[in-house]
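> sequence unknown, structure follows:
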């Protein structure tokens, strides 16, 4: 198959169209990535994910340990998991008498959603 001797055709460059939109508006900084990874690591345990969900969906936006301890593990284990969620920055706590009340830390849901949401 030889060339017919006619003028060589130059391919026309077409603009490159990305196949998919970017997943986020910008890349995370090292500090943001570390903080976010710690949050996702804490939520990687099914019991902790359930406890986080129970606190987040509890009426009034806060829950006492006594309100959310029915997750199939002992009360000391519930306290351990709540501590891990608090250390990861997902929950805040406040002692009132003998009870400790937990609430989702401000801006946590928005921060996690921002990482998971597709870019505009």
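Nice, I can see it. The model shown is predicted, which means the values in this text are computed figures rather than measured ones.

> run the chain-centre distance for stretch 87-94.
15 Å (CA atoms, centre = their mean, to the nearest Å).

> and it, average pLDDT?
For stretch 87-94, mean pLDDT rounds to 94.

> stretch 99-111 too?
Rounded mean pLDDT across stretch 99-111 is 88.

> contact partners of stretch 81-96?
35, 38-39, 41-43, 45, 47-48, 51-52, 55, 65, 73, 100-106, 108 (CB atoms under 8 Å, 6 or more residues apart in numbering). All C-beta atoms are positioned from the backbone trio N, CA, C, and that covers glycine.

> repeat the analysis, applying 6 Å as the threshold.
38-39, 42, 47-48, 51-52, 100-103, 105, 108 (CB atoms under 6 Å, 6 or more residues apart in numbering).

> now the strands for this protein?
Listed in chain order, the strands of the chain (DSSP state E) span 62-64, 91-96, 99-104.

> let's have these in JSON lines, adding distance to residue 26 and mean neighbour count.
Shown next, in JSON lines, are those (distance: least, CB to CB, whole Å; neighbours: other CB atoms under 10 Å):
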{"stretch": "strand 62-64", "distance to residue 26": "33", "mean neighbour count": "18"}
{"stretch": "strand 91-96", "distance to residue 26": "27", "mean neighbour count": "14"}
{"stretch": "strand 99-104", "distance to residue 26": "25", "mean neighbour count": "18"}
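
> ok, now which ones touch residue 71?
Residue 71 is in contact with 47, 50, counting by CB under 6 Å, 6+ apart.

> and which of the contacts of stretch 81-96 is nearest to residue 69?
residue 51 (9.1 Å; CB to CB).
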